[in-house]
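K.L.:
Could you work out the structure for the sequence below:
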Amino acid sequence: MATSAPYPTPPTSPGSGALRHPQWWQRGWVRYGALITLLMLSGLVILALVRRQTGTEGFLVGLGLAVLPVPWLTAAFRWLDRVEPGPWRNLVFAFAWGACAAALIAIVANSFATRWIATATADPAGADTLGATVIAPIVEESAKAAAVLLVFLFRRRDFTGIVDGVVIAGITATGFAFTENILYLGTAFGTDQLNGDRGIASVTAATFFVRIVMSPFAHPLFTVLTGIGFGITALSGERQHVRRVLVPVCGLLLAMSMHALWNGSSTFGQYGFLAVYGGFMVPAFALLTWLAIWTRQRELRIVREELPAYVLAGWLGPAEPFALGSMRARRMAREYARHHFGGRPAARAVAQYEAYATSLAFLRHRGRRGLARADFVVRERELLTELWQRRGMARPALEYAARAAAPARPLYGVPAPHWYGSPAGPYPAYNPYRT
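P.N.:
Residues are numbered from 1 along each chain as shown. Below is the predicted model of the structure:
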């Protein structure tokens, strides 16, 4: 980054060389169209399969009950992603993949494998147990992990750390659990219709209590382990090839193992399910929740530590690092913009400014650690350009929020220029402003 005036220079022309036009299969609309078509076809097929197994009435009952945990699970992952919110299209893709493609793969592969084992061994009961404890965890976790892998490969700029991996994996698993719950609850309702059971003693009530009340987090908990593996890979250097491959694989294997333990808990005796639930699932859920929240706070700390460098260069206002490193101040800035600068469009512009500034802080943090990718300079310039275009509306709102949210004793001051290049300073090894 240059030390000249704090505004982006116009982009240079690509040169006199001939432009290379992408092939038809490389065009964005072709890829989006193919992906949407695939997900729609998967959705139609899975809809027909579930409806055939549950019946129309059972499908509707299952749908109404299975949708209950979806909003608050989705809201929890969106809250976790508020520091650097990812695009909605990634979340929509993840949910659709889990609910349609991954669920279809699981139903077809699990049914085929279980029938094959039952035919080969002439032991249907043993085939069902083996299918639930071995086949299902491998198939289902692999199918859900495919969504995380696709976002990691094709939306790499949106996948920068552990929180992104947790969010994509969790949303994918939420979609998968939604479809699976429709199947289980619809089948249970059909069983009750045949047996004449109603009320609390019904199979539907028991299934609802176990899957919706006690363990709505089960599938997200499994797949989040895979997401953490990809998140660690996103934080790794480009030359750490072994780590970049092994860590996601280890995360996937842990997800499969936890899934197998959960599915096999019913075979551990009368109290096996409760023992696994209370002794393993709940502590694991608490541990991963703490890890996710700690990572979120760490991201805010990175924002506060990295952005002062851009204050010295004139790109950001003096109070902005403090405001951008506080979720309360961010919310106050959006509210201020909405009430004083033109309603929701103004608040949206401030939210975009906050997101771009956070991405800039993370980019610089990776650069200082020697983990920057080849497009570091280009990406930094793009983010600074986006910030500069929104500065007129965002800066007053963030300055107001910084004053309103600041404690009695100010915690933030503009770092002194002599910090740079000084052994005692926070950035002794990297100074992008010197030429």
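K.L.:
what does stretch 322-335 contact?
P.N.:
Under the contact criterion CB atoms under 8 Å, 6 or more residues apart in numbering, stretch 322-335 has outside partners 82-83, 300-301, 303-304, 307, 347, 350-351, 354, 357-358, 361, 394, 397-402, 404-406, 411-412. Where you see a C-beta, it was placed from the backbone N, CA and C, and this is true even at glycine.
K.L.:
now, which of those residues lie within helices?
P.N.:
300-301, 303-304, 347, 350-351, 354, 357-358, 361, 394, 397-402, 404-405 (DSSP state H).
K.L.:
For PyMOL, what selects the buried ones among the residues you listed?
P.N.:
Burial among these is assessed by 16 or more other CB atoms under 10 Å; the matching PyMOL selection reads:
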select buried, resi 300+303+304+347+350+351+354+357+358+361+394+397+398+399+400+401+402+405
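K.L.:
State the helix or strand in which residue 145 lies.
P.N.:
According to DSSP states H and E, residue 145 maps onto helix 136-154.
K.L.:
so what does the helix or strand following that helix touch, helix or strand wise?
P.N.:
Elements were assigned by DSSP H and E; along the chain past helix 136-154, the next helix or strand is helix 162-195. When contacts are defined as 3 or more CB pairs under 8 Å, 6 or more residues apart in numbering; DSSP states H and E, helix 162-195 sits against helix 28-66, helix 69-80, helix 88-96, helix 103-121, helix 136-154, helix 203-208, helix 218-234, helix 282-306.
K.L.:
could you redo the last one with a cut-off of 6 Å?
P.N.:
In terms of contacts (3 or more CB pairs under 6 Å, 6 or more residues apart in numbering; DSSP states H and E), helix 162-195 is packed against helix 28-66, helix 69-80, helix 88-96, helix 136-154, helix 203-208, helix 218-234, helix 282-306.
K.L.:
How is residue 239 assigned, secondary-structure-wise?
P.N.:
Three-state call for residue 239 (DSSP: H, G, I helix; E, B strand; the rest coil): coil.
K.L.:
next one: phi and psi at it?
P.N.:
Per-residue torsions, residue 239: phi -90, psi 0 (degrees, to the nearest 10).
K.L.:
and it, what pLDDT?
P.N.:
Per-residue confidence (pLDDT) for residue 239: 73.
K.L.:
Next: residue 431.
P.N.:
39.
K.L.:
just residue 121 next, same as before
P.N.:
For residue 121, pLDDT reads 82.
K.L.:
Equivalent analysis for residue 80, please.
P.N.:
Residue 80 is assigned a pLDDT of 90 by the prediction.
K.L.:
what about it, distance to residue 168?
P.N.:
Counting by CB to CB, to the nearest Å, the separation of residue 80 from residue 168 is 11 Å.
K.L.:
Looking only at neighbour counts, state which of the two leads.
P.N.:
Taking neighbours as other CB atoms under 10 Å, residue 80 and residue 168 compare with residue 168 leading, 34 against 19.
K.L.:
Could you measure from that one over to residue 254?
P.N.:
From residue 168 over to residue 254 the distance is 17 Å, taken as CB to CB.
K.L.:
Could you find the closest non-adjacent residue to residue 192?
P.N.:
For residue 192, ignoring the flanking residues on the chain, the nearest one in space by CB to CB, 6 or more residues apart in numbering is residue 202 at 4.6 Å.
K.L.:
make that residue 347, sorry
P.N.:
Using CB to CB, 6+ apart, the nearest residue to residue 347 is residue 338, at 4.0 Å.
K.L.:
got the angle between the helix or strand containing that neighbour and helix 282-306?
P.N.:
According to DSSP H and E, residue 338 maps onto helix 327-340. On the basis of axes from the mean of the first three to the mean of the last three CA atoms, to 10 degrees, helix 327-340 is oriented at 70 degrees to helix 282-306.
K.L.:
then helix 327-340 to PDB, C-alphas only?
P.N.:
C-alpha atoms of helix 327-340 as PDB (Å, rounded to 0.1, in the frame of the first residue of the first chain):
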ATOM      1  CA  MET A 327     -20.700  -5.100  18.300                       C
ATOM      2  CA  ARG A 328     -22.600  -2.600  20.400                       C
ATOM      3  CA  ALA A 329     -21.000   0.400  18.700                       C
ATOM      4  CA  ARG A 330     -21.600  -1.200  15.300                       C
ATOM      5  CA  ARG A 331     -25.300  -1.600  16.000                       C
ATOM      6  CA  MET A 332     -25.500   2.000  17.300                       C
ATOM      7  CA  ALA A 333     -23.800   3.300  14.100                       C
ATOM      8  CA  ARG A 334     -26.300   1.500  11.900                       C
ATOM      9  CA  GLU A 335     -29.200   2.900  14.000                       C
ATOM     10  CA  TYR A 336     -27.800   6.400  13.800                       C
ATOM     11  CA  ALA A 337     -27.400   6.200  10.100                       C
ATOM     12  CA  ARG A 338     -31.000   4.900   9.700                       C
ATOM     13  CA  HIS A 339     -32.400   7.700  11.700                       C
ATOM     14  CA  HIS A 340     -30.300  10.600  10.400                       C
END
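K.L.:
tell me which residues of it are tucked away?
P.N.:
For helix 327-340, the neighbour count (16+ other CB under 10 Å) marks 327, 329, 330, 331, 332, 333, 334, 336, 337, 338 as buried.
K.L.:
Same check on stretch 267-286?
P.N.:
The neighbour-count check on stretch 267-286 (16+ other CB under 10 Å) flags 273, 276, 277, 281, 284, 285 as buried.
K.L.:
Not counting its neighbours along the chain, what's nearest residue 383?
P.N.:
Closest residue to residue 383 apart from its sequence neighbours, by CB to CB, 6+ apart: residue 360 at 4.4 Å.
K.L.:
isn't that neighbour right next to residue 385, touching?
P.N.:
No: the pair residue 360 / residue 385 is not scored as a contact, 10.8 Å apart, by CB atoms under 6 Å.
K.L.:
the more surrounded of those two?
P.N.:
Shown here are residue 360 and residue 385; by other CB under 10 Å, residue 360 has more neighbours (25 against 14).
K.L.:
Run through the stretch 1-150 of the chain and note the low-pLDDT ranges.
P.N.:
Within the stretch 1-150 of the chain, the stretches with pLDDT under 70 are 1-29.
K.L.:
Now with 80, please.
P.N.:
For the stretch 1-150 of the chain, applying pLDDT under 80 flags the ranges 1-31, 122.
K.L.:
so residue 367 is in which element?
P.N.:
Assigned by DSSP H and E, residue 367 belongs to helix 344-368.
K.L.:
how much does that helix deviate in direction from helix 282-306?
P.N.:
Using the same axes, to 10 degrees, helix 344-368 lies at 90 degrees relative to helix 282-306.
K.L.:
what's helix 344-368 in contact with?
P.N.:
Contact with helix 344-368 is made by 84-85, 160, 302-303, 306-307, 324, 330, 333-334, 337-338, 372, 376, 379-380, 383, 386-387, 390, 393-394, 397, 430, as judged by CB atoms under 6 Å, 6 or more residues apart in numbering.
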